[in-house]
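> generate coordinates for the sequence data below:
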Amino acid sequence: MLKTTGVEKSFGGRKVLREISLELEEGHIFGLLGTNGAGKSTLLRMISGILRADSGEIILDGQRVYENPAAKEKICYLSDDPTFLHAATIREMGAFQRAWYPSHDPARLEELCDRFNLPMDEKVSGFSKGTQKRVQVCLALARRPEVLLCDETFDGLDPVMREAFRRTVSEETWDRNMTTVLAGHNQQEMEDICDQVGFLHEGRLLTVGDMDTVVSGIFRVQFAAGEPVPEEEIRKLHPLKALRQGRLCVLTIRGNQEEVLAQIRKMEPEFCEVLPLSLEEVFILEMEEQGYAN
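Prediction:
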């Protein structure tokens, strides 16, 4: 298990992360969504052992990560800007990686490069940015890490390759019981493959939980009563947003669906239905509550 407890980080007196506490289990994909400058990349670098926490601790399988080669060897961090040795081919990058990480599997690298049509004996510097990202992921999976940290890793890939790599990472996570973290802005992508999610804003984790729980915690309900519903009855439901068009009410509510529906049924509506929200809609509502972009 990967665990962060009360982790904080500042740069030049500016607090970047505040009391970050997470428990990430094996065999799960965790989606870390955040606004620009929320601290996503900083958190991943700290988990990987690149940066030291000002306070708190980061533990992997009972061992502290920072300045601990045995723990860091199990973690693979993919930055949003992949870098490679100058003029190196994929095969040469694999040999270099194997010198530092004994878990590197050359046969696995060849298998992945063949699957994703990557020429192992051509210089990586001559590839497009999207192709370099494909190389980056293949090298990472060939290491067979226990923890894979992806910082906007799939950005820049065309839709076909994006889907292929998402599927490969998902299979690797479940088959090898790996812990995977995807950080970025693509809510649809995370909703498709993540089973856990967290919202990071201004260095704080606002929401953390299973995907189904987070998405179902805020919902939209629309109903129409025989007579216009008094405003005070609407306020009792504590909506985050309310839209009224004659007898039709459309409310966005945080809470227990059954309890809300029970209150609405007391108004004897002609019809009532619950409309599920996407992860993106939930994220936007959470950020609006924090005053972001207002």
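> ranges for the helices of this protein?
40-47, 69-72, 90-100, 106-115, 129-142, 159-175, 187-193, 211-216, 231-235, 257-265, 279-289 (DSSP state H).
> most tightly surrounded among these?
Mean neighbour count (mean count of other CB atoms under 10 Å) peaks for helix 40-47 among the helices of the chain, with a mean of 23. The C-beta positions use only the backbone N, C-alpha and C, and glycine is treated the same way.
> quick one: residues contacting residue 133.
82, 153-157 (CB atoms under 8 Å, 6 or more residues apart in numbering).
> between the helices of the chain, which one is closest to residue 62.
Closest to residue 62 of these is helix 69-72 (CB to CB; 9.3 Å).
> wait, what's in contact with residue 147?
Contacts for residue 147 were tallied using CB under 8 Å, 6+ apart; they are 2, 47, 60, 74-76, 178-181.
> make it 6 Å
Each residue near residue 147 by CB atoms under 6 Å, 6 or more residues apart in numbering is listed here: 2, 75, 179.
> ok, it to residue 190 distance?
Here the criterion is CB to CB, to the nearest Å. By it, residue 147 lies 18 Å from residue 190.
> next one: residue 16
Residue 16 sits 22 Å away from residue 190, taking CB to CB as the criterion.
> give me the domain ranges for this protein.
Structural domains annotated on the chain: 2-210, 217-289, as defined by automatic domain parsing.
> one step back: need the helices of the chain in JSON lines with mean pLDDT, can you?
Output for these, formatted as JSON lines (pLDDT from 0 to 100):
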{"stretch": "helix 40-47", "mean pLDDT": "96"}
{"stretch": "helix 69-72", "mean pLDDT": "93"}
{"stretch": "helix 90-100", "mean pLDDT": "95"}
{"stretch": "helix 106-115", "mean pLDDT": "96"}
{"stretch": "helix 129-142", "mean pLDDT": "94"}
{"stretch": "helix 159-175", "mean pLDDT": "91"}
{"stretch": "helix 187-193", "mean pLDDT": "85"}
{"stretch": "helix 211-216", "mean pLDDT": "87"}
{"stretch": "helix 231-235", "mean pLDDT": "87"}
{"stretch": "helix 257-265", "mean pLDDT": "90"}
{"stretch": "helix 279-289", "mean pLDDT": "87"}
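> adding distance to residue 205, write the ones you listed out as CSV.
Shown next, in CSV, are those (distance: least, CB to CB, whole Å):
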stretch, distance to residue 205
helix 40-47, 9
helix 69-72, 22
helix 90-100, 32
helix 106-115, 33
helix 129-142, 25
helix 159-175, 21
helix 187-193, 15
helix 211-216, 12
helix 231-235, 30
helix 257-265, 25
helix 279-289, 11
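> for residue 6, which of those is the nearest?
Among the helices of the chain, helix 40-47 comes nearest to residue 6, with 12.4 Å by CB to CB.
> now for the closest one, which elements pack on it?
For helix 40-47, the packing partners by 3 or more CB pairs under 6 Å, 6 or more residues apart in numbering; DSSP states H and E come out as strand 147-151.
> for residue 169, give me its contacts.
Contacts for residue 169 (CB under 6 Å, 6+ apart) come out as none.
> check what pLDDT the residue nearest to the spatial centre of the chain gets.
When CA atoms, centre = their mean is applied to the chain, the residue found nearest the centroid is residue 31 (1.8 Å). Residue 31 is assigned 95 on the pLDDT scale.
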